[in-house]
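Visitor: Provide a 3D model corresponding to the input given below.
(4 chains)
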There are 2 protein chains.
Amino acid sequence: MSNLTERQKLILALVVRDHIDTTQPVGSARLVKYYNLDISSATIRNDMMALTEMGYLRQPHTSAGRVPTEEGYRYFVRQLMGQTELPIETRQTIAHQFYQIGHNVDRWMRLAASVLAHHAQAASLVTAPHSEQARFKHLELINTRGRHVLMVLVMEGGEIRQQMLSLAEPVSQERLSAAADQLNRLCDGLDPDGILSLKSQLEELEQDVLKLVVEDMRRSQQILAGEVYRDGLANVLSEPEFADVETARKALRILEERSLLEDLLARTVMTSTVGGVQVLIGGEGTWEELRDCSFVLARYGAPGLATGTLGVLGPIRMAYGQSISTVRYVAGLLSDLVVDLHADAQ
Amino acid sequence: MSNLTERQKLILALVVRDHIDTTQPVGSARLVKYYNLDISSATIRNDMMALTEMGYLRQPHTSAGRVPTEEGYRYFVRQLMGQTELPIETRQTIAHQFYQIGHNVDRWMRLAASVLAHHAQAASLVTAPHSEQARFKHLELINTRGRHVLMVLVMEGGEIRQQMLSLAEPVSQERLSAAADQLNRLCDGLDPDGILSLKSQLEELEQDVLKLVVEDMRRSQQILAGEVYRDGLANVLSEPEFADVETARKALRILEERSLLEDLLARTVMTSTVGGVQVLIGGEGTWEELRDCSFVLARYGAPGLATGTLGVLGPIRMAYGQSISTVRYVAGLLSDLVVDLHADAQ
DNA sequence: TTTAGCACTCTCGCACTGAGAGTGCTAAAT
DNA sequence: ATTTAGCACTCTCAGTGCGAGAGTGCTAAA
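Guide: So this is what the prediction gives:
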């Protein structure tokens, strides 16, 4: 399909770049003038016609300049853009910020969302790291007053879940600690199924606890298990394409509704390898809700240990170079941090 | 100041109600026609002039109907609106939803945000419950691989904080458990200052741990300590006053930026008693960012145990009756749940 | 194959206009 | 002393017409 002449590729790239910069349709004369091309506007017009026929460009109306189609953006991102990297100083600044806050996952996530939003000038999204395969590490049962027991469950990888357990009658802290000790010995390193299989041998209290444990572990295996961190929602509103409120609402709903997000993440990101950046342009024919948006996402973390997803959402006319390099860099950084945290060399 | 005649109060109330319903300026003739008043439009015009002079109404332009001023809304909310309650079936539905999800604070919060957003048709905000005065309940130290130790801290009231502790050299799980045991015995029920005071008597490992414990406890005493749950952001965008994107951005930023929220919550909600619903109309002259918005907030929980804040944000032309009764009901419900969780009768 | 020239099309901003809505004032009615 | 009818007045809003300008596609020459 890539039967474009070199000149056509150049023109397509320039149209995309210029349109991203200016928000305006790009005319043939403008291209000659601002990019010092030594071909005439008529030649460009001919190529533009060809590009329009091939579906990479379109005209908002008869006598406006050209604007990239979704196909055009895709071609640009995949074939023309090339790899870009964040400047070294920017990378250092970001890395510094992360290392400064120590080993606090919650604050990493917040910072990641903030950095993404800021550097990509878009709305950002980060999911907390968690393992696809939850394994038991440690359990704690703490007596609050009365029949309520606070259960704290730590998974391998450090993910924590808490839950309240309501008992039929009060139980002493000693009894609870004994139960926790026993379960800690029995369940070490097991997955939910393994834990379920040894339930029958136990007393009622232990069984009740294990039921919640399994429930929590199952829940933590879901894609959107943990918290979802967002930032920069106000950024997208300043983009001119969201002047139409309906468009803006659709974009916001994607980020807001867990069910939409879940669908999106499940179908795209989970199929890709960690490290690769995925670019979804204009919903790719599948997601009506983001017809006017683009999504740049990546997985981070260490497969088998813990992984998460992060990305930015912006208008189709997004600065892809900037967004992609930011997403790639932050994903890499978080991966390092996660690996560093879990599989310490020592 | 309440030197309004009964008829003027009626007219003010009708103007506010009608404007909230229709978004449109309200004319004198319209009032007569739609509310079956047996006074003439000329009479109404006279009263409207008076209300305008007193600052309760204004005209968008010479020959439009009247629109309430911020003062007008305030008078309405404080004097004219009366107390409304959510219909009994709605209350039951909501309560049912809460009791169905068991004792899971995270899911309570999410549900609360969702219910508020849905029933008030506005953006909602809920902060997790936490105690103003953090007290030590339980500490757990868990060896991950190598020199990193996962510290799980449980406060009285059930609030949980986790943190990663990086040691100079590896320490065995036995040593960690011993340290945790000792600290659990020493620190039970203490506040941060109390813990700090016994730091000097301990070994290095214990001191390092306590330093983090105190840090975490201090952090959990801040107003916006825990997670902030939001929902219904897309709702506010559908309001006609947010057709202007700049207005919408300002509203979003309030909800998004922790610093703005912190300021807002610190200055208003913390001064009010639990149970009371606060209504902030048009920034009340203090908050430039929410000049075009209103905020309906309440504290929930049990003072001394754990409290949180919840509320909804909408345009000034908000359905106050509905919002206030929703906020009040949900705050009451969450208070019951929190009390039920902590100070069990048993 | 590229380029100059040109007619053509469409948008956009501007001014103008008439209809309609709602007012404030005055004078009469209750 | 209020309330009401009548009416002139003001301002918005939607629609229309028009000229300028931008950018095209086509044709014919280079």
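
Visitor: can you give me the strands in chain A?
Guide: For chain A, applying DSSP state E gives strands covering A:57-58, A:67-68, A:123-127, A:136-143, A:148-155, A:160-166, A:228-231, A:277-281, A:293-302, A:306-315.

Visitor: With mean neighbour count as added columns, please give the ones you listed in JSON lines.
Guide: Placement of C-beta: from N, CA and C, glycine included. Converted to JSON lines, the strands of chain A look like this (neighbours: other C-beta atoms under 10 Å in any protein chain shown):
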{"stretch": "strand A:57-58", "mean neighbour count": "21"}
{"stretch": "strand A:67-68", "mean neighbour count": "23"}
{"stretch": "strand A:123-127", "mean neighbour count": "27"}
{"stretch": "strand A:136-143", "mean neighbour count": "22"}
{"stretch": "strand A:148-155", "mean neighbour count": "22"}
{"stretch": "strand A:160-166", "mean neighbour count": "19"}
{"stretch": "strand A:228-231", "mean neighbour count": "21"}
{"stretch": "strand A:277-281", "mean neighbour count": "20"}
{"stretch": "strand A:293-302", "mean neighbour count": "26"}
{"stretch": "strand A:306-315", "mean neighbour count": "26"}
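
Visitor: worst average pLDDT in these?
Guide: Least confident of the strands of chain A, judged by mean pLDDT, is strand A:160-166 with a mean of 85.

Visitor: mind listing what that one pairs with, with the direction of each?
Guide: Strand pairing for strand A:160-166, determined by DSSP bridges: strand A:148-155 (antiparallel).

Visitor: how far off strand B:136-143 does the partner strand point, in degrees?
Guide: Counting by axes from the mean of the first three to the mean of the last three C-alpha atoms, to 10 degrees, strand A:148-155 points 20 degrees away from the direction of strand B:136-143.

Visitor: between strand A:148-155 and strand A:306-315, how many degrees?
Guide: 90 degrees.

Visitor: Kindly format the C-alpha coordinates of strand A:148-155 as PDB.
Guide: The C-alpha coordinates for strand A:148-155 follow below in PDB (Å, rounded to 0.1, in the frame of the first residue of the first chain):
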ATOM      1  CA  HIS A 148     -15.400  -6.700  63.000                       C
ATOM      2  CA  VAL A 149     -12.000  -7.800  62.000                       C
ATOM      3  CA  LEU A 150      -9.700  -5.900  59.700                       C
ATOM      4  CA  MET A 151      -8.000  -8.200  57.200                       C
ATOM      5  CA  VAL A 152      -4.900  -7.000  55.500                       C
ATOM      6  CA  LEU A 153      -3.600  -9.100  52.700                       C
ATOM      7  CA  VAL A 154      -0.200  -8.600  51.100                       C
ATOM      8  CA  MET A 155       0.400 -10.200  47.700                       C
END
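
Visitor: how distant is that strand from the center of its chain?
Guide: Centre-to-centre, strand A:148-155 and its host chain are 29 Å apart (C-alpha atoms, centre = their mean, to the nearest Å).

Visitor: I'd like to know which of the strands of chain A lies nearest to residue B:223.
Guide: Of all those, strand A:228-231 sits nearest to residue B:223, with 19.5 Å by C-beta to C-beta.

Visitor: If we ignore the residues flanking it in sequence, what's nearest the residue in the stretch 201-346 of chain A that DNA strand C sits nearest to?
Guide: Closest approach between the stretch 201-346 of chain A and DNA strand C, counting by C-beta to the nearest atom of the strand: residue A:240, at 12.1 Å. Nearest non-adjacent residue to residue A:240, counting by C-beta to C-beta, 6 or more residues apart in numbering or on different chains: residue A:23, 5.3 Å away.

Visitor: The residue of the stretch 201-346 of chain A closest to DNA strand C: neighbour count?
Guide: 11 (other C-beta atoms under 10 Å in any protein chain shown).

Visitor: That one reaches residue A:22, doesn't it?
Guide: No: using C-beta atoms under 8 Å, residue A:240 makes no contact with residue A:22, being 10.4 Å away.

Visitor: So which bits of stretch A:333-346 are buried?
Guide: The neighbour-count check on stretch A:333-346 (16 or more other C-beta atoms under 10 Å in any protein chain shown) flags A:333-335, A:337-339, A:341-342 as buried.

Visitor: Could you do stretch A:62-77 as well?
Guide: Under the neighbour-count criterion of 16+ other C-beta under 10 Å, stretch A:62-77 has A:65-77 buried.

Visitor: Output those residues in JSON lines; the columns should cover distance to DNA strand C.
Guide: As requested, those are exported to JSON lines (distance: C-beta to the nearest atom of the strand, whole Å):
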{"residue": "A:65", "distance to DNA strand C": "11"}
{"residue": "A:66", "distance to DNA strand C": "14"}
{"residue": "A:67", "distance to DNA strand C": "12"}
{"residue": "A:68", "distance to DNA strand C": "18"}
{"residue": "A:69", "distance to DNA strand C": "18"}
{"residue": "A:70", "distance to DNA strand C": "21"}
{"residue": "A:71", "distance to DNA strand C": "23"}
{"residue": "A:72", "distance to DNA strand C": "20"}
{"residue": "A:73", "distance to DNA strand C": "21"}
{"residue": "A:74", "distance to DNA strand C": "25"}
{"residue": "A:75", "distance to DNA strand C": "20"}
{"residue": "A:76", "distance to DNA strand C": "22"}
{"residue": "A:77", "distance to DNA strand C": "26"}
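
Visitor: who's in contact with stretch A:167-185?
Guide: Contact with stretch A:167-185 is made by A:138-143, A:146-149, A:205-206, A:208-210, A:213, B:346, as judged by C-beta atoms under 8 Å, 6 or more residues apart in numbering or on different chains.

Visitor: any idea how far chain B is from residue A:336?
Guide: From residue A:336 across to chain B, the span is 14 Å (C-beta to the nearest C-beta, to the nearest Å).

Visitor: and if you look at residue A:237?
Guide: From residue A:237 across to chain B, the span is 5 Å (C-beta to the nearest C-beta).

Visitor: I'd say that residue and residue B:251 touch.
Guide: No: Residue A:237 is beyond contact range of residue B:251, at 9.7 Å (criterion: C-beta under 8 Å).
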